[in-house]
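Participant: this is a predicted model, with the sequence first.
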Amino acid sequence: MSATLEKGLNAFKEVIDTPIASYFSSCVHCGLCAEACLFYNETGDPKYTPIHKLEPLRRVWKQEYTLLGKLGKMLGLSKQVTDEELSEWEPLVYDSCTMCGRCSMVCPVGNDITYMIRKMREGMSASGHAPEDMKSATARAINIGSPMGIKWPAVQAQIKHVQAETDIEVPVDKVGADYLVLMSSMEIINFPEYLSALSRIFKQAGVSWTLAPDAFEATNSGIQIGASDLAREIVSRIVVAAERLKVKCVISPECGHAFTAIRWEGPNLMGKPFGFEVKHILEVLDELHAAGKLKTEGKDKRPLTYHDPCQITRRGGVVEQPRRLLGEVAEDFREMPDAGVMNWCCGGGGGVSANSRAEPLRLEVFKVKKRQIESTGVHTLITACANCRIVMEEGLEHYHMKVEVLGLTELLAEYLVEGE
Amino acid sequence: MNHLDLLTFARGSALNWALIIFVAGVVLRFFEIFGLSRKTDLARPRTDSPGSGWRTMFTRSIPPQGMLKREPVTYIAGYVFHLGLFLAIFFFAPHIEFFRSITGLTWPALPSALVDASVVAAIVALAVLLAHRLNNPVKRMLSGFGDYLAWTVTLLPLLTGYMAYHHLMLEYTLMLSLHIFSVELLLVLLPFTKLFHTFSVFVSRWYNGDFFGRKGVAS
């Protein structure tokens, strides 16, 4: 057995806990998880059945943690997990799972399959079986500070631009601010509208906030690839900055997996509860709106629909907030079929969009989003995740659909009552 | 050994051994699961949602939005089978008499004709589920020896029970003995096959419900 395989198998053994043992014990091979899976639904290939993606992890559980399995192993009756098998499983665990969590909602015995995929990636990455693109993105996040290789000067350039455009000062390193604002690389590169919209909304609402040069990046490649030690290092930058600046709350940007990384995994990676709150930007905007601090005027006449990012809605619990906010600014808001906690993933979550090998499959499974959008008849799509946004823009272009994608924060800022 | 001796053995030491293995097996499997432990979730739950795990133990029996239409065979045959089996085990008068003899507890029985119908329904549902397992590409891929073994040992008590009740094929005492042996086989294998979901389903559903509950999503 190679040293890396041994490391991988040890990681498998380490991640198996009581919930996982109960999940594998309960599975009756009914196959209903396949019906919930984006990749199975759009390709019809049974290998994309969610529980099947966990087969190597299941065998390690059986051989290590059940009496019968141990007996089988001792007698040489059980099939050991090999490097070849993990190579074969790599595309199943990374390219064809966005950790969207639909299967976990559907499994009749209650298996949280997504939780297990997240854990299985720890062993896959430890054994060297993670996609090259995700390895390099993680290396950039660790060495440079962002998976897309962005450094603070790029953010500074954007700040300058935003200040010139809005005439509002963007606070940096302000000790004692209420909120620490984070961004995703995608927003810094592709959607500068976010920072500009946020500056205007926060100025109007009188919110005290700040950016931090040592913690501007919200995404966490360590979680996508399944390397908890690296994930911890990335999260710790935010924790250090939040504590240094003594903020009350850290705002996760319009990015789904970043929210999962900071809000739900963060304290567990750090091994202690946070001394500050973590909120998604939509939660903050909804609170400002409820407090009467976010006033809008007029409504968008275009028919609109909203794409629920998986990690914000199904895995994050931010369901009603975007709908309340849209209700303020959209005249003709239309829900797509399966909207809300059962929405279909854009196809690019969980690191899939960072993995170029997965691109043809990602575009193929975008067909479900295409059908969802078409059934609403709209040409404007709102979302709250920059990664969903770029993935959907690519999908829409691929299928020659004339649909514009906007971030919700940006849409709100368009109708903001300013200068009162 | 005549038929009566066989029945005496089935009801006596064979049953005792089967029950011992069954109970010990269930206890062992729970030790295997809970012995692993889990880390406390340090992320602040969104809402204080006590009972989310407990609720999910039951709510997960209801198909989520759109799923019944996607997989009607699995859901409908699944319901019919589970309900039929449950009624047959716990509401057939002779079974209640058996439970009373070992626990002292008793409860009202359903009319035999109704239990008979539910057994037929459960057998038909099992046949449908097997056909579906063999024809559906996902189910076929997932299935191995254990799945077909579990199917067989679940069918046998239903089938032999039905045949004993209607005095079919074999002499009654012999058929009744076979019925009891088939139940014993089921008891012995249950903890060590996927049939253990009878117990573990409550654990897995609890964790799922707790997880989603902490995030403020009902599951």
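Facilitator: Looks like it came in fine.
Participant: around whatever residue of the stretch 201-350 of chain A ends up closest to chain B, how many other residues sit close by?
Facilitator: Going by C-beta to the nearest C-beta, chain B is nearest to A:G317 of the stretch 201-350 of chain A, at 3.0 Å. All C-beta spots, glycine's among them, are computed from the backbone N, C-alpha and C. Per other C-beta atoms under 10 Å in any protein chain shown, the neighbour tally for A:G317 reads 25.
Participant: pretty sure it is touching B:R46, no?
Facilitator: Yes - A:G317 is within contact range of B:R46, at 5.0 Å (criterion: C-beta atoms under 8 Å).
Participant: mutual contacts of these two, please.
Facilitator: B:215-216 (C-beta atoms under 8 Å, 6 or more residues apart in numbering or on different chains).
Participant: grab the nearest non-local neighbour of A:E243.
Facilitator: In this structure, A:E243 finds its nearest non-sequential neighbour in A:G275, 6.8 Å apart by C-beta to C-beta, 6 or more residues apart in numbering or on different chains.
Participant: check the one you found and give its pLDDT.
Facilitator: Predicted confidence (pLDDT) for A:G275: 96.
Participant: next, count neighbours for it.
Facilitator: With other C-beta under 10 Å as criterion, A:G275 counts 11.
Participant: kindly report the same for the one 3 residues further on.
Facilitator: Here the count is done by other C-beta under 10 Å, and A:V278 has 23 residues near it.
Participant: ok and the residue in the stretch 51-200 of chain A nearest chain B?
Facilitator: Counting by C-beta to the nearest C-beta, the stretch 51-200 of chain A gets nearest chain B through A:G110, at 3.3 Å.
Participant: list the contacts for that residue?
Facilitator: Neighbours of A:G110 in contact, by C-beta under 8 Å, 6+ apart: A:23, A:26, B:56-57, B:60, B:201, B:204-209, B:219.
Participant: how close does the closest residue in space to B:G146 that isn't next to it in sequence sit to A:F276?
Facilitator: The shortest distance from B:G146 to any non-neighbouring residue, by C-beta to C-beta, 6+ apart, is to B:T193 (5.6 Å). Between B:T193 and A:F276 the distance, using C-beta to C-beta, to the nearest Å, works out to 49 Å.
Participant: before we move on, what about A:A386?
Facilitator: 23 Å.
Participant: more neighbours, those two?
Facilitator: For A:A386 versus A:F276, the count of surrounding residues by other C-beta under 10 Å is larger for A:A386: 27 against 18.
Participant: what's the burial count for the closest residue to that one other than its chain neighbours?
Facilitator: Using C-beta to C-beta, 6+ apart and skipping the chain neighbours, the partner closest in space to A:A386 is A:M186 (3.8 Å). A:M186 has 25 neighbours, counted by other C-beta under 10 Å.
Participant: shouldn't A:M186 be within a strand?
Facilitator: No - read with DSSP: H, G, I helix; E, B strand; the rest coil, A:M186 is helix and lies in no strand.
Participant: for it, what are its contacts?
Facilitator: Contacts of A:M186 (C-beta under 8 Å, 6+ apart): A:148, A:255, A:386-387, A:389-390.
Participant: doesn't B:R44 fall inside a strand?
Facilitator: No - counting by three-state DSSP, one finds B:R44 to be coil, located in no strand.
Participant: once you drop chain neighbours, what's closest to it?
Facilitator: Here the residue nearest B:R44, using C-beta to C-beta, 6+ apart, is A:P273, at 6.6 Å.
Participant: is the one you found in contact with B:L42, as I believe?
Facilitator: Yes - using C-beta under 8 Å, A:P273 and B:L42 qualify as a contacting pair, with a distance of 5.0 Å.
Participant: ok, these two, which is more surrounded?
Facilitator: Neighbour comparison, A:P273 and B:L42: the larger count goes to B:L42, with 16 against 13 (by other C-beta under 10 Å).
Participant: so the more buried one touches A:K272, yeah?
Facilitator: Yes - assessed by C-beta under 8 Å, B:L42 is found in contact with A:K272 at 6.5 Å.
Participant: give me the nearest residue to the residue nearest to the spatial centre of chain B, chain neighbours excluded.
Facilitator: Residue closest to the average C-alpha location in chain B (C-alpha atoms, centre = their mean): B:T198, at 5.0 Å. Leaving aside its chain neighbours, B:T198 sits nearest to B:L190 (6.6 Å; criterion: C-beta to C-beta, 6+ apart).
Participant: cool, thanks, signing off.
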